[in-house]
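S.K.: Below is the structure, and that's it, no one-letter string:
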């Protein structure tokens, strides 16, 4: 990932995403807290409504209690009883005064719509005693009322008021939205059941209670209802849902149990918070329905503004990345490409200088630095080339006397033995070797090196005819490869001079070549006496160790021993290391009595190619 995307990703990961995550967390926390806080407010409001409704019922209970205590209902029932028409004038006057006082008390409660008594001792028209008349309302006959479950419940309450809500018993209360109190009337002297009082009150006082109690903001869409335990809507201040089943408006199953409950659901196809509070001592529940959209309006507006701000921030980040960050990252990318070209070895490339900001100053500084590096590199190359040439001349000077000494010694032995033909052949072979050795070239083809090696081996076989044989296995396609001259001959010489020394069997030297992974592999293998680990440790030819060289130079014996045992091998290894680098060289594997294997690894290239580039690529 380049720097531009890293910076943009960092901007997103460290600013935009945390800000968006924080906003979403705040939104959901606030969103959920709305329901919790509103549920608490709804509980307080529904309890207040419940308290107000209970007070209305208590006031009406007190009114009817007063009528019972003053025997108003008892006298009214007695007045319609034919068996009790012989009242004295004083009793009749007392009855009339009590009725007037009770009617005055009732008139102080304008919400009362209708009141009548069922007379247990009456017959015919005297079964129903009217206290307040009501037009267009037919009272349920006593016989039908006596056969209902409501009658049994009233009798079981034994004088405790029973309240009916609208639409619960329309055959008794009518179709108007009124609340009805039913209670048993007793004669106070003997506590004998004498009748049943039915009082209806209008619902406008309940509607005013619902309308005056709003939850929270007045803009909130809130509606209140009174529902019985079967789910019927008994009272809706808007009169739009009266008498309908509450479960038909919501898929949530509601259990009308004591206490308060609140939850979020859909009501009439709209997301709402529905709160239910069960009234104490009454089989009804207060229900409030509040539109969720009206509650979450402010949070929704906040969320929209937050999304808009995040979008603007993201847009600003994109614009910043396109117009400003591209200038920085683009300049850095150019410098990175420049450095990669420098890593690949192109020291002539330069960074384009344009503009007048810090990136231009950086490009100018890099160009100046590359100019200085180029100058130093060229100077080092010249000095290194001179050093290598001087070192090569020294190494070749070490090889030539060493080889000539051994060859001339062999020719001398043949001359002493009067082997004229062999002497002539060896001189011819030696001339071919010297012709290649004294050429003013450090590099020859592998074919020329093989010819040189074959001349050397033939010279040695003239001298040690019955000691060893040799085999050369070099593919023709490799004969045109370039190689440092005098590479194979010193390695083979080491096998003949030291590997076959004192053996009692016929020796064999094998020279084999092949290509492997772009390298030229040359292996010299003999079946001689091999080397001990101590002897093998002397061939530290791949590591430049001045201390070892100094230690050897201080002792003449050590110097002569090194000259004798490994000067040619080490010289070849040093030449390969100097010419091709430390990745190339020779590798020796030997053990006592099993012979010696010397493997030479150099880069494969045709003569005339740039073997420095070939070596660095390998």
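M.R.: Looks like it came in fine. The model shown is predicted, which means the values in this text are computed figures rather than measured ones.

S.K.: For the stretch 101-250 of the chain, which segments count as strands?
M.R.: Here the stretch 101-250 of the chain has its strands, by DSSP state E, counting those that start in this stretch, at 112-119, 128-132, 162-164, 178-187, 192-202, 222-228, 233-235.

S.K.: Strands along the stretch 301-450 of the chain, start to end?
M.R.: According to DSSP E, counting those that start in this stretch, the strands that the stretch 301-450 of the chain contains are 443-445.

S.K.: Sketch out the low-pLDDT regions of it for me.
M.R.: For the stretch 301-450 of the chain, residues meeting the criterion pLDDT under 70 lie at 321, 325-327, 355, 386, 389-403, 406.

S.K.: The stretch 1-150 of the chain too?
M.R.: Counting by pLDDT under 70, the stretch 1-150 of the chain shows low-confidence ranges at 1-5, 7-8, 27, 31, 78-110, 123-126, 131-136.

S.K.: returning to what we had before: worst mean pLDDT among the strands of the stretch 101-250 of the chain?
M.R.: Least confidently modelled of those is strand 128-132, at a mean of 72 by mean pLDDT.

S.K.: could the strands of the stretch 101-250 of the chain be laid out in TSV, adding distance to residue 51?
M.R.: Placement of C-beta: from N, CA and C, glycine included. Formatted as TSV, those follow (distance: least, CB to CB, whole Å):
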stretch	distance to residue 51
strand 112-119	21
strand 128-132	28
strand 162-164	16
strand 178-187	16
strand 192-202	18
strand 222-228	14
strand 233-235	17
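
S.K.: and of these, who's closest to residue 595?
M.R.: Nearest of the strands of the stretch 101-250 of the chain to residue 595, taken as CB to CB: strand 222-228 at 107.0 Å.

S.K.: among the strands of the stretch 101-250 of the chain, which is nearest residue 574?
M.R.: strand 222-228 (101.0 Å).

S.K.: before we move on, the earlier item: which stretch among the strands of the stretch 101-250 of the chain comes nearest residue 440?
M.R.: That would be, of the strands of the stretch 101-250 of the chain and by CB to CB, strand 222-228, which comes in at 111.4 Å.

S.K.: Adjacent strands (with direction) for the closest one?
M.R.: The pairing partners recorded for strand 222-228 under DSSP bridges are strand 233-235 (antiparallel), strand 284-291 (antiparallel).

S.K.: Can you tell me which of those is nearest to residue 42?
M.R.: strand 284-291 (5.4 Å).

S.K.: ok, residues contacting that closest one?
M.R.: 38, 42, 45-46, 49-50, 53, 165, 215, 220-229, 234, 246, 256, 267, 270-279 (CB atoms under 8 Å, 6 or more residues apart in numbering).

S.K.: Show me which helix runs longest in the chain.
M.R.: What stands out as the longest helix in the chain, according to DSSP state H, is helix 358-416.

S.K.: re the thing from before, mind putting the strands of the stretch 101-250 of the chain into a markdown table with mean neighbour count and distance to residue 482?
M.R.: Output for those, formatted as a markdown table (neighbours: other CB atoms under 10 Å; distance: least, CB to CB, whole Å):
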| stretch | mean neighbour count | distance to residue 482 |
| --- | --- | --- |
| strand 112-119 | 22 | 126 |
| strand 128-132 | 17 | 134 |
| strand 162-164 | 19 | 120 |
| strand 178-187 | 21 | 119 |
| strand 192-202 | 21 | 122 |
| strand 222-228 | 22 | 100 |
| strand 233-235 | 22 | 107 |
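
S.K.: With that, I have no additional questions.
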